[in-house]
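Q: Sequence and predicted structure, then a few things I'm wondering about:
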Amino acid sequence: IGIGIGKNTEVPCGTPTPAAPVSVIGEKPKPKLRKTGELSDQQAEWFKEYWERLPSKIGKLEASVEFAAHVKTVEVFKAFMAGLELQIPDMNAKISRGEKHYILQPCRWIKRHQWEDLTPEQPQLSLTAPGSPRNGSGGAQQFKASWERKAEAYDEAFARGMEMEAEIAKL
């Protein structure tokens, strides 16, 4: 039984064992393991770039944890930022209308892979499209007129149905 501490030696019972592993000459040091949610150096740079572009900065710590879990490669980061860029105009529009509460918090946006919702090939969805009630171009009046026509058609159909019932009752 060897008394020295090193590779392939035994330590007699009662001998305190070292708290940290002893390195042996010639062995490479083991890489530092990151805690769950801890950003690598590259991810930290990416996250900084993401956070600077983000219109609604809420919950940075939670967002960084989700970022570390979901954005691990250059390809994913590029898709992530492209998706963000497509959605920033809608986020800014919600903020300008006082609807910031309708924007997902960054941690949830990341966790739900929201960057995949719109791609450059898809048309941008917007609540402020021409003719919509929100942009003031008469969309609200068109909407109201449409429902009024539907209500009139329903009333006419109901009246015809009542007349038919009366005729059947006479037979």
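A: Arrived safely, thanks for sending.
Q: Quick one: low-confidence residue ranges for the protein.
A: Along the chain, segments meeting pLDDT under 70 span 1-37, 118-141, 143.
Q: what ranges do the helices span in it?
A: Here the chain has its helices, by DSSP state H, at 41-53, 60-70, 74-96, 106-111, 139-170.
Q: okay, those in JSON lines with mean neighbour count and distance to Asp117 next?
A: All C-beta spots, glycine's among them, are computed from the backbone N, C-alpha and C. Rendered in JSON lines, the data for these read as follows (neighbours: other CB atoms under 10 Å; distance: least, CB to CB, whole Å):
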{"stretch": "helix 41-53", "mean neighbour count": "14", "distance to Asp117": "16"}
{"stretch": "helix 60-70", "mean neighbour count": "17", "distance to Asp117": "14"}
{"stretch": "helix 74-96", "mean neighbour count": "15", "distance to Asp117": "7"}
{"stretch": "helix 106-111", "mean neighbour count": "20", "distance to Asp117": "10"}
{"stretch": "helix 139-170", "mean neighbour count": "10", "distance to Asp117": "24"}
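Q: How much space separates the nearest residue to Asp117 once chain neighbours are set aside from Lys111?
A: Spatial nearest neighbour of Asp117, excluding adjacent residues (CB to CB, 6 or more residues apart in numbering): Gly83 at 6.9 Å. With distances taken as CB to CB, to the nearest Å, Gly83 is found 14 Å from Lys111.
Q: Next one: Val46 from Ile110, what distance?
A: In this structure residue 46 is Trp, not Val. Distance from Trp46 to Ile110, counting by CB to CB: 12 Å.
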